[in-house]
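In: From the sequence below, what's the structure:
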Amino acid sequence: MTDTPDWLDGLDETELVIEGRLTNERKDTSPQHLLPLALLQHTIGMDGVKRLHDTENFCAIVVTPSPDWTLPLMHLLKPWSWDFVQARVKPLRPSQIADDTSSLRTMDALAMGGRVLGIGHDPERLLPSSMRTAADLIVRLPPPNGEVIGAVIRRMFGRTLKTIPNDIVAGLEFDEIVACLRPGTSPSQCVERLKKAVASKRSSSPITQGVPAIHDLHGYGAAKEWALTANVRKWMEAHDIEPTFDFPVKCGLIYPRDRVEPLLQMAGPKEELLSTFRKPKLKMPIRRSAYRVMR
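Out: Numbering: from 1, shown residues only. The predicted model follows:
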């Protein structure tokens, strides 16, 4: 066990109350409260959090890692004295657009010197135009990494593990992460549950279930040879690039974002993951935070 930077220190949490059955006494060590707070503080630091918390006559947008993070972040941020909060996970239906007043309410609140907050994973589709145009601060939250999970565990248990992999929650949704971080257990048990959850979800994913390995595909010619780069590790080592995850036997070609423009989409919305060439490559774990998604 070792100490790590505590991204949860220094904030007055007296106003932070999560809706539901969670009591005030339990919220300070509850993962559904600590996880979004840790991710926010890890991304923008304490100065950014205090600006979000205290600034008057202010418009902010928080871009969530995925739709399942929208409600937890709203529960965290809504009590911070906003005059208008808009949080959406789905765009308005055509029949709802004419009756939508969110842009007008944004304008009215800001015109009166108020505070306005928008939360969503796709602001262009989910948040009103007046909010996007007037935003003083846009916070783009990445998926949580090992440091964020370590900060949550440290606050829950008073200690954490020496190292936690950055892909510890890769592919997990917010509620799945929280379900693995259980008070009354131990840091190592929490991390083990997360690892098992990631492995289980990857093996049972309908996107990759029953999909053949790349080397078993036929009719792809040079594209198949391009995808079968078993020597990626040697290539990265030759270029003095430190791998951030374990390479499987079957592996796709990865280029560092600052050296080569990506060429192939590795992940994305379900409707984009259609071809049989893309699906086998999804069997490979990729750290989105370290490598750009290939397109």
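In: Below-threshold pLDDT in the stretch 151-295 of the chain: ranges please.
Out: Within the stretch 151-295 of the chain, the stretches with pLDDT under 70 are 203-295.
In: ok, 50 please
Out: 229-230, 244-295 (pLDDT under 50).
In: What's the local residue count around the nearest residue to Met112 once chain neighbours are set aside?
Out: Distances taken as CB to CB, 6 or more residues apart in numbering place Asp83 nearest to Met112, at 7.4 Å, with adjacent residues excluded. In short, each C-beta sits where N, CA and C put it, glycine included. The number of residues packed near Asp83 is 16, by other CB atoms under 10 Å.
In: Also Pro67?
Out: 16.
In: List the residues that contact the residue nearest to it when sequence neighbours are not counted.
Out: Closest residue in space to Pro67, ignoring its immediate chain neighbours: Val89 at 4.3 Å, by CB to CB, 6+ apart. Applying CB atoms under 8 Å, 6 or more residues apart in numbering to Val89 gives the contacts Pro67, Thr70, Leu71, Gly120, His121, Leu126.
In: Met131 too?
Out: Cys59, Ile61, Gln86, Ser102, Ser103, Thr106, Val116, Gly118.
In: out of these, what pair is the most spread apart?
Out: Ile61 and Ser103 (13.6 Å; CB to CB).
In: need the longest helix for this structure.
Out: helix 31-54 (DSSP state H).
In: wait, doesn't Phe84 sit right on Thr106?
Out: Yes. The criterion here is CB atoms under 8 Å, and Phe84 meets it with Thr106 at 6.1 Å.
In: so what's in contact with those two at the same time?
Out: Joint contacts of Phe84 and Thr106 (CB under 8 Å, 6+ apart) are Val116.
In: More neighbours: which of the two?
Out: More crowded of Phe84 and Thr106, by other CB under 10 Å: Thr106, with 27 against 19.
In: For Ser188, see how far away the more buried one is.
Out: Noted for Thr106: a distance of 46 Å to Ser188, by CB to CB, to the nearest Å.
In: now do Thr163
Out: 12 Å.
In: ditto for Thr43
Out: Distance from Thr43 to Ser188, by CB to CB: 26 Å.
In: neighbour-wise, which of those two wins?
Out: Shown here are Thr43 and Ser188; by other CB under 10 Å, Thr43 has more neighbours (17 against 13).
In: Grab the nearest non-local neighbour of Lys201.
Out: Spatial nearest neighbour of Lys201, excluding adjacent residues (CB to CB, 6+ apart): Gly171 at 5.4 Å.
In: ok, now Leu71?
Out: Closest residue to Leu71 apart from its sequence neighbours, by CB to CB, 6+ apart: Ala87 at 7.3 Å.
In: Give the full set of residues in contact with that neighbour.
Out: Contacts of Ala87 by CB under 8 Å, 6+ apart are Thr70, Leu71, Leu73, Met74, Gly118, Ile119, Gly120.
In: List the ones among those residues that fall in strands.
Out: Mapping the contacts of Ala87 onto strands (DSSP state E) picks out Gly118, Ile119, Gly120.
In: Please determine how far the last one is located from Leu126.
Out: Right, Gly120. To Leu126, Gly120 is 4 Å away according to CB to CB.
In: Which residues are in contact with each of the two?
Out: Counting by CB under 8 Å, 6+ apart, the shared contacts of Gly120 and Leu126 are Arg88, Val89.
In: Thr163 belongs to a helix?
Out: No. With DSSP: H, G, I helix; E, B strand; the rest coil as the criterion, Thr163 is located in coil rather than a helix.
In: That one: how many residues sit nearby?
Out: Thr163: 11 neighbours (other CB under 10 Å).
In: wait, it sits on Gly146?
Out: Yes. Using CB under 8 Å, Thr163 is in contact with Gly146, at 7.3 Å.
In: ok, back up a step: what's the residue nearest to Pro67 sitting at in phi/psi?
Out: With angles defined as degrees, to the nearest 10, Val89 sits at phi -110, psi -10.
In: Please report the distance of it from Val62.
Out: The gap separating Val89 from Val62 is 13 Å, by CB to CB.
In: would a markdown table of the contacts of Met131 with secondary structure and pLDDT be doable?
Out: Output for these, formatted as a markdown table (DSSP: H, G, I helix; E, B strand; the rest coil; pLDDT from 0 to 100):
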| residue | secondary structure | pLDDT |
| --- | --- | --- |
| Cys59 | strand | 97 |
| Ile61 | strand | 97 |
| Gln86 | strand | 92 |
| Ser102 | helix | 88 |
| Ser103 | helix | 88 |
| Thr106 | helix | 93 |
| Val116 | strand | 96 |
| Gly118 | strand | 95 |
